[in-house]
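have a look at this prediction, sequence included:
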Amino acid sequence: MARILIVDDDPAILEILGAYLRADGHAVLEAQDGHAGQARLPEADLALLDWMLPGVSGLELARAQRRLHPDFPLLLLTARGEEEDRLLGLEVGADDYVTKPFSPREVVARVRALLRRARIHDRVSSGGLELDERQRTAHLDGQALALSKLEFDLLLTLARHPGFVWSRDRLLERVWGGDFPGVERVVDVHMAGLRRKLGEAPEQPRFIRTVRGVGYCFQEDA
């Protein structure tokens, strides 16, 4: 299962694509304008972006996301079918391009293909920290870390989006998912255990910074 973000200002497209992607086993996130889509991108594993959006265009979103995360899978949805437009979409960083009107089954097939390609990028490396998502292993300065499932998922979520501030609510939704406990304090408890295993204190963070009144942020090791 992947978390697929659909950013489109047409409610019918959100409904239809959302239904097909959920039927294919994915969790679906939705946004109806560019600013909302930009805010939800860190929660997603893949994004479907409409070219023409209120606020920030899909093209701008693709360009910005590609600069931040070169391996993030992006698919543009657009009514613009000219070859120059398709080339422009690919040049700014989209991995694929679907012209409206489209078959929802085709979109699902293209999403599957993009996710297969993305699986080769299942490692995160930052300042002595190495995470392997497929093997679910973590190493710090060459030493294995004995992390629980939730600790690993928390660390991976943060490390995949350095600089992004995660609220406790969003971490609960992303990491706990269907086992959502509904109590923000549980995030702090698991974060404290994770920090102990990383050998860092909140007042002198090497990787995980507390943003007072908001949540947590992964920072590159200085």
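Thanks, I have it.

distance-wise, check the residue nearest in space to the middle of the chain relative to E203.
Most central in the chain under Cα atoms, centre = their mean is A44, positioned 3.1 Å from the mean C-alpha point. As judged by Cβ to Cβ, to the nearest Å, A44 and E203 stand 32 Å apart. (C-beta placed from N, C-alpha, C; glycine too.)

could you do I6 as well?
41 Å.

same deal with Q32?
For Q32 relative to E203 (Cβ to Cβ), the value is 41 Å.

between the two, which one's more packed in?
Using other Cβ atoms under 10 Å, the more surrounded residue of Q32 and E203 is Q32, with 18 against 6.

surely the more buried one is in contact with I13?
No. With contacts defined as Cβ atoms under 8 Å, Q32 does not count as touching I13, sitting 10.0 Å away.

looking at the chain, which helix or strand is least sure?
helix 83-91 (a mean of 63; mean pLDDT, DSSP states H and E).

in space, what's closest to D188 - neighbours in sequence excluded?
Excluding the flanking residues, the one nearest D188 by Cβ to Cβ, 6 or more residues apart in numbering is R168, at 7.4 Å.

show the contacting residues for the nearest residue to the residue nearest to the centre of the chain once chain neighbours are set aside.
Excluding the flanking residues, the one nearest A44 by Cβ to Cβ, 6+ apart is L5, at 3.7 Å. Each residue near L5 by Cβ atoms under 8 Å, 6 or more residues apart in numbering is listed here: 28-31, 37, 40-41, 43-44, 46-48.

please apply the same query to A36.
Each residue near A36 by Cβ under 8 Å, 6+ apart is listed here: 7, 55.

how close does it get to Q135?
Taking Cβ to Cβ, one finds A36 at 35 Å from Q135.

and for A19?
Going from A19 to Q135 by Cβ to Cβ gives 34 Å.

how about Q143?
Distance of Q143 to Q135, given as Cβ to Cβ: 16 Å.

domain parsing for this structure?
The record's domain split for the chain, according to the TED database, is 3-121, 124-218.

now do the residue lying closest to A118 once chain neighbours are set aside: how many residues are near it, please.
Using Cβ to Cβ, 6+ apart and skipping residues adjacent in sequence, the residue nearest A118 is P73, 4.9 Å away. Other residues lying near P73 total 25 when counted by other Cβ under 10 Å.

list the contacts for P73?
P73 makes contacts with 45-47, 95, 114-115, 117-118, as judged by Cβ under 8 Å, 6+ apart.

please repeat the previous calculation with a cut-off of 6 Å.
46, 95, 114, 118 (Cβ atoms under 6 Å, 6 or more residues apart in numbering).

quick check on it: phi, psi?
With angles defined as degrees, to the nearest 10, P73 sits at phi -70, psi 130.

ok, now A27?
phi -90, psi 140.

these two touch, right, it and R3?
Yes. With contact defined as Cβ atoms under 6 Å, A27 counts as touching R3 (4.8 Å).

where do the strands sit along the chain?
Using DSSP state E, the strands found in the chain span residues 3-7, 27-31, 46-50, 74-78, 96-99, 123-126, 129-132, 137-140, 143-144, 165-167, 208-211, 215-218.

could you list the low-pLDDT ranges of this structure?
Low-confidence regions of the chain, defined by pLDDT under 70, span residues 80-92, 119-122, 178-182, 221-222.

repeat that with 80
Applying pLDDT under 80 to the chain picks out residues 1, 68-71, 79-94, 116-123, 134-135, 177-184, 202, 220-222.
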